[in-house]
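Student: Model the structure of this input:
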Amino acid sequence: MRLILHIVRKDFQLLRGRLATWMLVLAAKYAVGFAFVFGSVSPDVEKGMAQGGVAGLIAFDIALTLLIASLLVHGDGLVGTTEFWRTRPISGARLLVAKCLGAIVLLGLPAVAVSLPWWLVCGFGAKDVALAAFEVMAIQVLLIAPAMAIASVTESTGRFFVWGGVTVAAVWIVSGVWAYSAKLVLASNESRLIGELMVVAVTVAAVVIRQYLTRDVRGSRLILVGGLLVSIVAARSWPWDLLPEKRAERRRTEPGIAFPQDVRIEFDSSKVSVGSIFTSGAMRQNLHIP
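Tutor: Sure, this is the predicted structure:
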């Protein structure tokens, strides 16, 4: 355990400048929110400028998170013949534990800590804070885990961004087009996207664990490419409906359903009246409007 903590401390020392910049970006996002809550912001011009600034900060936040995650892995690289520990050897399993712990400590917990004042200002209770912290950690894992997988099979940060950008863009563009253009009756669009994410998660975990334990770059790359191809197929033909309520809602809103042509619906402030020749007068109904 002492060696694992030593690696985490070493990574922090190497990345402390970038981590400080990343935390400033996180704080800047919430500073805009504090300005709206406690300052006098014009609802026209300044609001639009602030929204654009937050969007830019979010993009910068994602880019820095991916960069730091890649540098965390490349600090003790797994590809090439020149990477080694100068002091003593370390097993792949122990190095994997150290990198995962470092990702949580360096990229997960600071995101929660910076967000905490904003949650308290918004009136969050203990349960709300716990749920929000879980959501932030989940989002960070969704960014960090794929970044660690791609970094573990690349030699440098430049190649990480080139190949990672090409891979992610290709997967999301193709799977997104398939998921929302193919009309399948077995599963909803949301279920297919969830299925795709599940395949990606399994692929990422398999690549990271295998690469740290075996250092077999070619095999890990094949697993990564194969898993991403399977995720694209899952986006089109995932057969299990994980959200049955979405499927029921889609059926209610499908075109081609016949409605009586003589039904009249009237709305006022107190009731909904549905009149028809099949009823004597108006009757009160609960209407579901998707």
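Student: Tell me how many other residues crowd the closest residue to residue 30 other than its chain neighbours.
Tutor: Leaving aside its chain neighbours, residue 30 sits nearest to residue 118 (4.6 Å; criterion: C-beta to C-beta, 6 or more residues apart in numbering). From N, CA and C alone the C-beta is placed, and that goes for glycine too. Neighbour count of residue 118, defined by other C-beta atoms under 10 Å: 17.
Student: For the stretch 151-290 of the chain, just list every one of the strands.
Tutor: 264-267, 272-275, 282-284 (DSSP state E, counting those that start in this stretch).
Student: OK, contacts around the residue nearest to residue 206 when sequence neighbours are not counted?
Tutor: In this structure, residue 206 finds its nearest non-sequential neighbour in residue 223, 5.7 Å apart by C-beta to C-beta, 6+ apart. For residue 223, the contacting residues are 203, 206-207, 210, by C-beta atoms under 8 Å, 6 or more residues apart in numbering.
Student: try residue 221
Tutor: By C-beta under 8 Å, 6+ apart, the neighbours of residue 221 are residue 153.
Student: pLDDT (mean, whole number) over the helix or strand harbouring residue 130?
Tutor: Per DSSP states H and E: residue 130 is located in helix 126-152. Per-residue pLDDT over helix 126-152 has a mean of 92.
Student: Among the strands of the stretch 151-290 of the chain, which one carries the weakest average confidence?
Tutor: Minimum mean pLDDT among the strands of the stretch 151-290 of the chain: strand 282-284, a mean of 48.
Student: if I look at residue 8, how far off is residue 215?
Tutor: 21 Å (C-beta to C-beta, to the nearest Å).
Student: Give me the more crowded residue out of those two.
Tutor: Legend: neighbour count by other C-beta under 10 Å for residue 8 and residue 215, higher for residue 8 (21 against 14).
Student: isn't the more buried one right next to residue 103, touching?
Tutor: No. Counting by C-beta atoms under 8 Å, residue 103 is not a contact partner of residue 8; they are 9.6 Å apart.
Student: one step back: distance check, the residue nearest to residue 30 against residue 124.
Tutor: 9 Å.
Student: Same check on residue 64?
Tutor: Taking C-beta to C-beta, one finds residue 64 at 26 Å from residue 124.
Student: ok, the two, which is more surrounded?
Tutor: Counted by other C-beta under 10 Å, residue 64 and residue 124 do not tie: residue 64 has more neighbours, with 19 against 16.
Student: The more buried one touches residue 25, doesn't it?
Tutor: Yes. Counting by C-beta under 8 Å, residue 64 sits close enough to residue 25 to count as a contact (6.4 Å).
Student: Report the inter-axis angle for the helix or strand containing residue 63 versus helix 126-152.
Tutor: Counting by DSSP H and E, the element that carries residue 63 is helix 45-74. With axes from the mean of the first three to the mean of the last three C-alpha atoms, to 10 degrees as the basis, helix 45-74 and helix 126-152 are set at 50 degrees to each other.
Student: Name the residues of the helix holding residue 130 that come out as buried.
Tutor: By 16 or more other C-beta atoms under 10 Å, the buried positions in helix 126-152 come out as 129, 132-133, 136-137, 140-141, 144-152.
Student: pLDDT weak spots in the stretch 51-200 of the chain?
Tutor: Scanning the stretch 51-200 of the chain for pLDDT under 70 picks out the ranges 51, 80-88, 172, 174-189.
Student: thinking again about what came up before, compare the contacts of residue 223 and tell me which is most surrounded.
Tutor: residue 207 (25 neighbours).
Student: What lies in contact with stretch 56-67?
Tutor: Here stretch 56-67 has contacts from 18, 21-22, 25-26, 28-29, 32, 107, 140, 143-144, 147, 157, 161, 164, using C-beta under 8 Å, 6+ apart.
Student: Among those residues, name the ones in helices.
Tutor: Of the contacts of stretch 56-67, the ones assigned to helices by DSSP state H are 18, 21-22, 25-26, 28-29, 32, 140, 143-144, 147, 157, 161, 164.
Student: and of the residues you listed, the nearest to residue 230?
Tutor: Nearest to residue 230, judged by C-beta to C-beta, of those is residue 164 at 18.5 Å.
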